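J.: Sequence and predicted structure are below.
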Amino acid sequence: MPATLTLHDISVSRAARRVLDHVDLVVPPGARIGVVGPNGVGKTTLLAVAADAVTPERGTVRLAPPTATVGWLHQEPERTGELVRDLLDRRTGVAAAQAELDAATEALADTAAHPDAADRYDVALQRWLALGAADLHSRVGQVADELGMSARLLDQPVASLSGGEAARVGLAALMLSRFDVYLLDEPTNDLDLDGLERLERWVLGLDAAVLLVSHDRHFLDRVVTDVVELDEFTHRTTHFGGGWQAYLTERERARRHAWERFEEYDAKRSSLARRAQTQREWAQQGVARAKRQMKDEPDKNIRAYRVNQTEQLAGKAAATQRQIERLEEVDQPREPWQLRLEIPHPGRSGDIVVRLVGAAVERGDFRLGPIDLLVEYGERIALVGHNGAGKSTLIDLIVGRAEPTAGTAQLGGGVKVGEIEQVRSQLHGAATLVRSFVDATGMTVPDARTLLAKFGLVGAHVERPTANLSPGERTRAALALLMANGANLLVLDEPTNHLDLPAIEQLEQALDTFPGTVLLVTHDRALLERTRVTRTIRMERGQVLEGG
C-alpha cells in the first residue's frame, strides 16, 4: 500500500554528545531519499529512529497508514547460526508475521479469553499477505536462480558463507521483500558489479518510500530523487530536491554564497570598525588639544566652538558603533573535518614485485589457479570479477596469508606491503584501538593518538576495544595504519566500504600521487573511473581470464 514516513522534531543524544537535533523529514511514496554526511554524524541513528529501533528523546515518528510495514536493512551482513532459508524468512518480515498469525489463530479458539481475537486475526492475516508470505518459498527458488545461488546454499548456516555469498543472500532478502517503506543502510557494500546493477534496477522499480544511506556515488546518482544532508556541526538536516547531481551543484552554490555573505559582512564590519576607531582617536586628540588651548584662550565663544567640535567627533564615533551593532551578524561558515591522507613511500622495490608460477590454493570446494602472474614495479592493476571469482584468495596468496598448495608465490626484493583488506582485521582483539595501533606500528602512545586524531578517531574512540569499532571507524583506522607504516606496494580490497564521501575523495587523491605499485579490488564504479590503471586482470571461478 502507498505509505508515508514522517519524522518530526527528532532529537537524539549519545552520552553527552548530540547526534540529531530537531530533525524533520518526510518520505512519501515513490521518493528515494539519500542521506549523506561524514562518518559518525548520525545517519545510521536516523534510520534506526525511523525503524523504531531507537527511541528519540523528543519528537515523533509516524506512518500513514499506521498499518504500513517498514523494512530496515542493517549496515553489516549478519553472520548468525541460523540457516539462510530462515534468514530470508526473518529479513523479509515473514517470520514475525507468521508467528503473529499463528498466535492470532490460537486466540480464535478461545474467544472468551480473547474477545478481540477476530480483529487480531484479520490484522495478522492482512499483514502476512501484504509481506508476500503466501508465495515466499516459491519465490525464493526463482530469486536464488537469478542471483546464481545454489539450492544447497539455502540450507547452510549463515556463518559459513563467504563474503560474496553473504552479499548475494542480503540482496536476495531485499528482492524478496514487500515492505511499504524501505530503510537501506549501505546496501551496495560487498556487491559485485552484477549485484549493483540488479540492486539499482530493483530500487528504481519500487513504488514504496525509500530512505537510504550510501557512499556509492554512482549508485546515488542512479537512484535517488532527493538528498538529505546531515550537518556535523548543527546536527540538523538540509533537504535538496532533484537528485544527486542537483545536490552537488546546489551544495557548492550554497557554500559559495555562504562565504560571499560572510565576506561581505566581515568587510563592512571591519570598515566600520576602522572608521569608529579613527573617529575615537580624533575625538581624544581634539579633547587633549582643546584642553591645552583653552588655558590660553580668553574668548569663551572660541572655547565653546572647540568643545562642540570635539563632541561632534565623539558623536560620530558613537554613531558608527551603532551602525556596527545594527549589522545583521553572519557567522563564518564552518569547514568540515577533512581527512588528509598521504601514503609514505619507503623507496623503490625491485623490478619484480610479485611472481606466481603455477600457483594454486584450495579452500574447501573452491580452487584458485593454477595461475601464472608477474607484477612489475609501478604497475597499477585493477583486479575485477564477480563475487566468489577468487579475487580475495589471490590477494591472500600474494601477501602471504595463504600458502600455495601447488606452484610458487613470491614477493620481490625490497617490497613493503601496505594493505586494506576486506574484513578490516589488521587491528583486532580486545585491546583498545590505541594499544593495538601502538603494537602494530611501534609508535609512542602520544604519537599514535595524534595520528589517529587526523583520521577523526579521538577521545573515547581510541580507548574502545577494536572489536567494538564501527565499520567506518575500522576503515579509518586501517587508513591510519597505512599512513603510519608506509608502503611501496598498495593492496586494497574494497577500500571504500564504509568510508564517507570526503574520505573517498582523499583516498583517490592519495592513489593518484602514490609512486609505487597498486593492486586494487573494488566494485566502486566511481573509484574505478577516477583511478589511473595500467592493467586490468579479470577473474572467474578461480581462474585469470584476461590481463594476467
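T.: Thanks, I have the structure now.
J.: which residues of the stretch 151-300 of the chain score low on pLDDT?
T.: Applying pLDDT under 70 to the stretch 151-300 of the chain flags residues 282-300.
J.: One more pass at 80, please.
T.: For the stretch 151-300 of the chain, applying pLDDT under 80 flags the ranges 162-164, 276, 278-300.
J.: And the strands in it, which stretches?
T.: 181-185, 209-213, 226-230, 237-241 (DSSP state E, counting those that start in this stretch).
J.: repeat for the stretch 1-150 of the chain
T.: 4-14, 17-27, 32-36, 58-64, 70-73.
J.: list the helices and strands the last one packs on?
T.: Counting by 3 or more CB pairs under 8 Å, 6 or more residues apart in numbering; DSSP states H and E, the packing neighbours recorded for strand 70-73 are helix 43-50, helix 163-176, strand 181-185. For every residue, glycine as well, the C-beta is placed using N, CA and C.
J.: which neighbours does it have in its sheet, and in what orientation?
T.: strand 181-185 (parallel) (DSSP bridges).
J.: My read is that Phe240 contacts Leu220, right?
T.: No - with contact defined as CB atoms under 8 Å, Phe240 and Leu220 do not form a contacting pair (11.7 Å).
J.: Mind listing the shared neighbours of those two?
T.: Taking CB atoms under 8 Å, 6 or more residues apart in numbering as the criterion, Phe240 and Leu220 both touch Val227.
J.: So in this protein, which helix runs the longest?
T.: Using DSSP state H, we find that the single longest helix of the chain is helix 244-296.
J.: Is Ala453 in a helix, a strand, or coil?
T.: Reduced to three states with DSSP: H, G, I helix; E, B strand; the rest coil, the structure at Ala453 is helix.
J.: for Val458, what are its contacts?
T.: By CB under 8 Å, 6+ apart, the neighbours of Val458 are Arg449, Leu452.
J.: And Val224, by the same measure?
T.: Arg32, Ile33, Gly34, Leu212, Gly243, Trp244.
J.: Counting by contacts, list what the longest helix of the chain packs against.
T.: Helix 244-296 packs on helix 217-223, strand 226-230, strand 237-241, helix 300-326, going by 3+ CB pairs under 8 Å, 6+ apart.
J.: Mind doing that once more with 6 Å?
T.: Using 3 or more CB pairs under 6 Å, 6 or more residues apart in numbering; DSSP states H and E, the elements in contact with helix 244-296 are helix 300-326.
J.: So for the helix or strand just after the helix it packs on, mean pLDDT?
T.: Following helix 300-326 in sequence order, the next helix or strand is strand 352-363 (DSSP states H and E). Averaging pLDDT along strand 352-363 gives 93.
J.: Any chance you could list what contacts strand 352-363?
T.: 368-375, 377, 393, 397-398, 402, 404-410, 412, 415, 489, 517 (CB atoms under 6 Å, 6 or more residues apart in numbering).
J.: Kindly report the same for stretch 320-327.
T.: The contact list for stretch 320-327 (CB under 6 Å, 6+ apart) reads Arg269, Leu272, Arg275, Ala276.
J.: What residues of stretch 115-127 count as buried?
T.: By neighbour count on 16 or more other CB atoms under 10 Å, the buried set for stretch 115-127 is Ala117, Arg120, Tyr121, Ala124, Leu125, Arg127.
J.: Next: stretch 101-114.
T.: Quick answer for stretch 101-114 (16+ other CB under 10 Å): Leu101, Ala104, Ala107, His114.
J.: do the same with stretch 50-59
T.: Going through stretch 50-59 with 16+ other CB under 10 Å, the ones that come out buried are Ala50, Ala51, Val54, Pro56, Gly59.
J.: Hmm, the fourth one is touching Ile10, no?
T.: Put plainly, it is Pro56. Yes - using CB atoms under 6 Å, Pro56 is in contact with Ile10, at 4.8 Å.
J.: hey, what's in contact with both of these two?
T.: With CB under 6 Å, 6+ apart, Pro56 and Ile10 have common neighbours Val49.
J.: gap between the residue lying closest to Arg532 once chain neighbours are set aside and Thr534?
T.: Once flanking residues are discounted, Arg532 sits nearest to Arg380: 5.6 Å by CB to CB, 6 or more residues apart in numbering. According to CB to CB, to the nearest Å, Arg380 and Thr534 sit 5 Å apart.
J.: Settle it for me: which of those two has more neighbours?
T.: Between Arg380 and Thr534, counted using other CB atoms under 10 Å, the more crowded position is Arg380 (19 against 12).
J.: Show me what that one is bridged to.
T.: Assigned bridge partners for Arg380, using DSSP bridges, are Val518.
J.: quick one: contacts for it?
T.: Val518, Arg532, Val533, Thr534.
J.: try Arg275
T.: So Arg275 contacts Thr320 (CB under 6 Å, 6+ apart).
J.: From Val227, how far off is it?
T.: In terms of CB to CB, Arg275 sits 44 Å off from Val227.
J.: again, but for Asp145
T.: Taken as CB to CB, the span from Asp145 to Val227 is 35 Å.
J.: more crowded one of the two?
T.: Val227 (22 against 11).
J.: Test my guess that that one contacts Gly34.
T.: Yes - with contacts counted by CB under 6 Å, Val227 reaches Gly34, the gap being 5.0 Å.
J.: joint contacts of the two?
T.: With CB under 6 Å, 6+ apart, Val227 and Gly34 have no common neighbours.
J.: residue ranges with poor pLDDT in the stretch 401-548 of the chain?
T.: For the stretch 401-548 of the chain, counting by pLDDT under 80, the residues that fall below are 421-430, 456, 458-461, 466-472, 498, 546-548.
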